[in-house]
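Visitor: got a predicted structure here, sequence first:
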Amino acid sequence: MLLQAELTALISDRQPAKRISEVLGEILEAAESEDLQAIWHPLGFIDIPIAQSTSARLRESEHYTVHVWHPRLSVPQVPRHVCHSHEWSLRSCVLYGEITNESYTVIPSEDGDHMLYEVHYGDGISYSGATGQSVDVEQSDRTAIPQWGWYEIESPAFHWSRVGDSDLVITAMQSSSHTGCPPRNVRRKPCAENYVYHRHQCPSEARSMIFTDMLSRLTS
């Protein structure tokens, strides 16, 4: 776990993303990689918690995780929501590829053509329930973050992280403790009252392929 501890310290201290990438590569090459979980996340990436045995979504304290968007092995939720907020603030750096952060303005409106949802978590499950609040939603910003770049998102802010389909995207994220703001998402009407998504562990063959592809990009 020594390399994982070094990785979390590098992310916390906002050290150069290239160095963070190098240490993540060392973890994937070492026996420490056997300790890593790989979990399919409803937002379309693979969630790899660092230095923790419990999935990031169930931890209330500051945590660190690696996110991987894989062009063949990612399993995004269907139907996809428009944008979402988190119950923590986060800071991420792009270790490989490019990510576009889209910011959204969400305004209550009786005639709104979208519905606001709140998200709750169970053991390996995400529950998204309609609040009954109709809203208008508009994209307010769109910023591309290149390899080695950093970006931050505050807990109440609505956003969407968009990636291309051509290759992997790898990010390392530091999340704050819970802020007291419940996670929310927005869906275009018509929409169901509830949505349930299971966050399954990647089977060993998929996990091995993900780690191999990550290592090939980080060491190229």
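Guide: Yep, that arrived.
Visitor: from now on I want contacts and neighbour counts done on CA atoms only, so please keep to that.
Guide: Fine.
Visitor: what ranges does this structure have for its helices?
Guide: Using DSSP state H, the helices of the chain run over 2-12, 17-29, 204-218.
Visitor: so which of those is the most packed in?
Guide: Most buried of the helices of the chain, by mean neighbour count (mean count of other C-alpha atoms under 10 Å): helix 17-29, with a mean of 19.
Visitor: show me what contacts the residue nearest the centre of the chain?
Guide: Nearest residue to the geometric centre of the chain (C-alpha atoms, centre = their mean): residue 67, 5.7 Å. Residues near residue 67 by C-alpha atoms under 8 Å, 6 or more residues apart in numbering: 45-48, 170-173.
Visitor: next: residue 20.
Guide: Neighbouring residues of residue 20 by C-alpha under 8 Å, 6+ apart: 7, 10-11, 95.
Visitor: now, among those, which is nearest to residue 32?
Guide: Lowest distance from residue 32 to these (C-alpha to C-alpha) belongs to residue 7, with 12.0 Å.
Visitor: pLDDT wise, what is that closest one at?
Guide: Per-residue pLDDT puts residue 7 at 95.
Visitor: what do you get for the one 3 residues further on?
Guide: Per-residue confidence at residue 10 stands at 95 (pLDDT).
Visitor: show me where this protein has its strands.
Guide: With DSSP state E as the criterion, the chain has strands at 39-40, 46-49, 63-69, 83-84, 90-96, 99-108, 114-122, 125-145, 150-153, 158-162, 169-175, 184-188, 194-198.
Visitor: quick one: strands adjacent to the second one?
Guide: Strand partners for strand 46-49, identified by DSSP bridges, are recorded as strand 39-40 (antiparallel), strand 63-69 (antiparallel).
Visitor: for residue 164, find the nearest of those strands.
Guide: Residue 164 lies closest, by C-alpha to C-alpha, to one member of the strands paired with strand 46-49: strand 63-69, at 9.1 Å.
Visitor: quick one, the closest one and strand 169-175 angle?
Guide: 160 degrees (axes from the mean of the first three to the mean of the last three C-alpha atoms, to 10 degrees).
Visitor: pull the distance from strand 63-69 to the chain's centre.
Guide: Average the C-alpha atoms of strand 63-69, do the same for its chain, and the two points are 6 Å apart (C-alpha atoms, centre = their mean, to the nearest Å).
Visitor: pLDDT (mean, whole number) over it?
Guide: Mean pLDDT, strand 63-69: 95.
Visitor: what angle separates that strand from helix 17-29?
Guide: Angle of strand 63-69 versus helix 17-29, following the same axes, to 10 degrees, is 80 degrees.
Visitor: how about strand 63-69 as PDB, C-alpha atoms only?
Guide: Output in PDB follows, covering the C-alpha atoms of strand 63-69 (Å, rounded to 0.1, in the frame of the first residue of the first chain):
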ATOM      1  CA  HIS A  63     -11.300  10.100  -0.600                       C
ATOM      2  CA  TYR A  64      -9.200   9.500  -3.700                       C
ATOM      3  CA  THR A  65     -10.100   7.500  -6.800                       C
ATOM      4  CA  VAL A  66      -9.000   7.000 -10.400                       C
ATOM      5  CA  HIS A  67     -11.700   7.200 -13.200                       C
ATOM      6  CA  VAL A  68     -11.200   5.400 -16.500                       C
ATOM      7  CA  TRP A  69     -13.400   5.900 -19.500                       C
END
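Visitor: many thanks, we can stop here.
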